[in-house]
Every structure is written in C-alpha cells, then in structure tokens.
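>>> sequence plus predicted model, see below.
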Amino acid sequence: MTELNQPLLDAPIAGQHMVSELGGRPWQQAPQYTTVDEAIEYYLDRMSSEEFTEQLVDVLEMDVPVTTLANTIQMAGVMDGKHSIDVGMLVMPLLMEMIMLVGDMADVKYDSGMENPNKGKTRDTLLESIRTKLQREIEAKEGLLFDEDELESDTTEEMKEQEESMEEPKGLMARRV
Amino acid sequence: MPSFGNNPALTLYRNLQVEKGEDTDVKATRGLLARGQANQVRKEMDVQQPSVRVAKHMSIIRRKRDEINDRA
C-alpha cells in the first residue's frame, strides 16, 4: 500500500474549526506532556501493552507502512492534547523504531515505508520531456525538407517560367499585356 | 530526499540516523562525594538536545532489534 493512494477519510470537513469555541478541543489546550522524555515514556508505556501490540501486529500484517503508522499515532497524540506537534515530530522516529521492534518480535514481514513506491516506474515528467524533444526534432527535420526560403524561391522561379512560357497574343485585335 | 507524499516520518527517521552517532559509555563514579563525570559526559554526548536524546533511545531499541534479527 502506498501512502499516496490512501483515502483521506479522516480529513476535516470544511468549516469544522468554526463549530466549537477556541480552546474547546484538546489540541487547543496546553499539552499534557511538554518534553520529549515525557512523551517517550507515555508512548513506551502505551506500546508495550499487550492489547496495543496485538492490534499493531494485525495492522502490520495488512501491509500498512510503518511510516504511516508512526505518523498516525503521533497525530492522534497531538489531537488528544497529549503533546505538541513539535514533540510529536521529534518522537516519530522512535515510534517507527518501536513499531519495527514489535514487528520483528512477532516475526511479521512488514513494510517499513522507506522504499520509494515509485522506484522502477518511469517518471511522467521524463516522458513528457522526451516527447517534447522528439517533437522538436521532427519539426526541425520537416523544416529542412520543406524550407520556407527554398519553397518561396521555388514558387517564384516557377511563376517566372510560367510567364516566360506564355505565348504572346498574335492576333490584330488581341490585347497586349 | 523523497518524502513520499506528505508524511514527514521517513525524512525525520533518516535525519535522526545521521545524528545518532556512536554510543558513549558512562563510567560509574566511585563514591557519593567523588567528582562526578556525569555532567562532563552529558555535555560530550550533547544530551541537552532532545533529538539526541531520542536518538539514544532509538539506538537502544535498534540494538534490541538487531539481536532479534540476528537470532532469527
């Protein structure tokens, strides 16, 4: 599963921030754990519980990347008012390591999310640049085949020839050009 | 560095790998009144930085993981 293909089902509804007064949400209050150490302790306690571990293993088996899980867990912490976003960012690598530890302990083949999902795929931008280059080359070749100056000189020569080949009128009443 | 969407986890993880460095052993002092080297060691390890503290925690977990993977 790639992160880009995930549906954003938990995205806020437009205007949702206006439906409750300021400070009415946990993340608008002062965070419960203000330091990295407190947050680490909180997560280590939570993640070492059997219930959490079992659920985590189930999710890992579903091929959900570790990076996504870590991000979701820390974001939930921010939403619950446990810690600030800054602390969440600092703690995230540790969460990843913990999740991978749980995965290793349960002997689960998990997706770490560190491999580029687009690896081996041809970039759209590359294809577009090649297409443009080819287009230019074709245009340049066509220009060589039917050079405008050449075409112009050809047509004028042809016209001259035509004029020359035109016979002068011979009759008495014929108009002279 | 690729971020694969808007998830910063990968970038943060890789950046912390750089900061992790090597583990420093803290030697125990002999007595209660002995001049402690803990502060000095702490300074050397730069543990005042939260990211370094996280990296230290990470290295411990990483070691556990390596042990598990080596056993398997």
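Looks like it arrived, so ask away.
>>> please, which helix or strand holds residue A:173?
Using DSSP states H and E, residue A:173 falls within no helix or strand.
>>> number of nearby residues for it?
Neighbour count for residue A:173, taken as other CB atoms under 10 Å in any protein chain shown: 5. All C-beta spots, glycine's among them, are computed from the backbone N, C-alpha and C.
>>> quick check: the gap between it and chain B.
From residue A:173 over to chain B the distance is 89 Å, taken as CB to the nearest CB, to the nearest Å.
>>> low-confidence ranges in the chain?
Defaulting to chain A. Where chain A drops to pLDDT under 70, the residues are A:1-8, A:146-151, A:154-155, A:166-169, A:176-177.
>>> you looked at the wrong chain, it should be chain B
B:1-5, B:17-30, B:32, B:34-42, B:44-45, B:72.
>>> which one's the longest helix in it?
When chain B is parsed with DSSP state H, its longest helix is helix B:50-71.
>>> that one close to chain A?
Yes: Helix B:50-71 lies within reach of chain A by CB under 8 Å from any CB of the partner chain, at B:50-51, B:53-55, B:57-58, B:61-62, B:64-65, B:68-69.
>>> for those residues, which single residue is the most surrounded?
Neighbour counts for the residues of helix B:50-71 next to chain A, by other CB under 10 Å, peak at residue B:54, which reaches 26 neighbours.
>>> from what I see, that residue and residue A:89 are in contact.
No: applying CB atoms under 8 Å as the test, residue B:54 and residue A:89 come out as separate, 10.1 Å apart.
>>> contact partners for residue A:82?
By CB atoms under 8 Å, 6 or more residues apart in numbering or on different chains, the contact set of residue A:82 is A:31-33, A:39, A:42.
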